[in-house]
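In: show me the folded form of this:
(2 chains)
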Amino acid sequence: DVKVTQSSRYLVKRTGEKVFLECVQDMDHENMFWYRQDPGLGLRLIYFSYDVKMKEKGDIPEGYSVSREKKERFSLILESASTNQTSMYLCASSSSGSSYNEQFFGPGTRLTVL
Amino acid sequence: DAKTTQPPSMDCAEGRAANLPCNHSTISGNEYVYWYRQIHSQGPQYIIHGLKNNETNEMASLIITEDRKSSTLILPHATLRDTAVYYCIVRVAGAGGTSYGKLTFGQGTILTVHP
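Out: A predicted model of the protein is given here:
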């Protein structure tokens, strides 16, 4: 069974803290994505990566960075967390070899910044 | 990628067919229609996709109009577990090019299945 796992389901951090959200996939997928989901705004793409050490900005990259040192792992970093980064964060992966582009999502991490 | 329009919410009785519409009047010839759904507190899940022919799998059927400007996702016998937000997405197939397969999610349709 294909699987995308995220390090935490729930996380509470304080303003100014550095936050790491980890995502691991076991499908040998080339592409990995980080989204955030907020009520009324839907899912918005933060960053994506199409290969190890490669990254591309999504629609809302400000305040975030990413790291992909290994193919199976994609990390989202909040250098200095702020209250407006309180959100649900979703990781996804997909295969470059897939002709129809199915993305597999993790269960999400609900981050609260106090 | 073409923009899609979906009703914000729909209701359906358990055991009946749920028909979820999507308008995509600016769709291009090489763009596919994808459907995902998101059950509460879970990540989105792929359902089905199609180009111009009707498609069916174990989860649902996808009917695309001849002019491809709209489509309908059909859940033939809705159950309470089908209560979710359903997203219609239009994009070019494959993960090539600078987009690398990224998806743009709209607001979707909240489907509520009642007993």
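In: leaving out chain neighbours, which residue sits closest to whichever residue of chain B sits closest to chain A?
Out: Closest residue of chain B to chain A, CB to the nearest CB: B:Gly43 (2.9 Å). C-betas here are computed from N, CA, C, even on glycine. Setting aside the residues directly before and after it, B:Gly43 is nearest to A:Phe105 in space (CB to CB, 6 or more residues apart in numbering or on different chains), at 2.9 Å.
In: the one you found: neighbour count?
Out: The number of residues packed near A:Phe105 is 22, by other CB atoms under 10 Å in any protein chain shown.
In: cool, A:Gly16 as well?
Out: Taking other CB under 10 Å as the criterion, the count of residues near A:Gly16 is 10.
In: check B:Tyr34 too.
Out: 23.
In: same thing with A:Pro39?
Out: Neighbours of A:Pro39 using other CB under 10 Å come to 7.
In: next: B:His49.
Out: Close neighbours of B:His49, defined as other CB under 10 Å, add up to 20.
In: elements contacting whichever strand or helix holds it?
Out: In this structure, B:His49 is located in strand B:45-50 according to DSSP states H and E. Strand B:45-50 sits against strand B:31-38, strand B:55-56, strand B:61-64, strand B:70-75, with contacts defined as 3 or more CB pairs under 8 Å, 6 or more residues apart in numbering or on different chains; DSSP states H and E.
In: those strands: which one's closest to A:Tyr64?
Out: Each of those has some distance to A:Tyr64 by CB to CB; the shortest is strand B:31-38, at 21.7 Å.
In: what's opposite B:Cys12 in the beta bridge?
Out: In this structure, B:Cys12 has the following beta-bridge partners (DSSP bridges): B:Val113.
In: show me the contacts for it.
Out: Listed by CB atoms under 8 Å, 6 or more residues apart in numbering or on different chains, the contact partners of B:Cys12 are B:Ala18, B:Leu75, B:Ala78, B:Asp82, B:Leu111, B:Thr112, B:Val113, B:His114.
In: let's see it at 6 Å
Out: The neighbourhood of B:Cys12, defined by CB atoms under 6 Å, 6 or more residues apart in numbering or on different chains, consists of B:Ala18, B:Ala78, B:Val113.
In: pretty sure A:Glu35 sits against A:Leu43.
Out: That one is not Glu; residue A:35 is Tyr. Yes - A:Tyr35 lies in contact with A:Leu43 (CB atoms under 6 Å); the separation is 4.6 Å.
In: before we move on, the earlier item: check the helices and strands packed on strand B:45-50 for me and report the most buried one.
Out: Comparing the helices and strands packed on strand B:45-50 by mean neighbour count (mean count of other CB atoms under 10 Å in any protein chain shown), strand B:31-38 comes out on top with a mean of 22.
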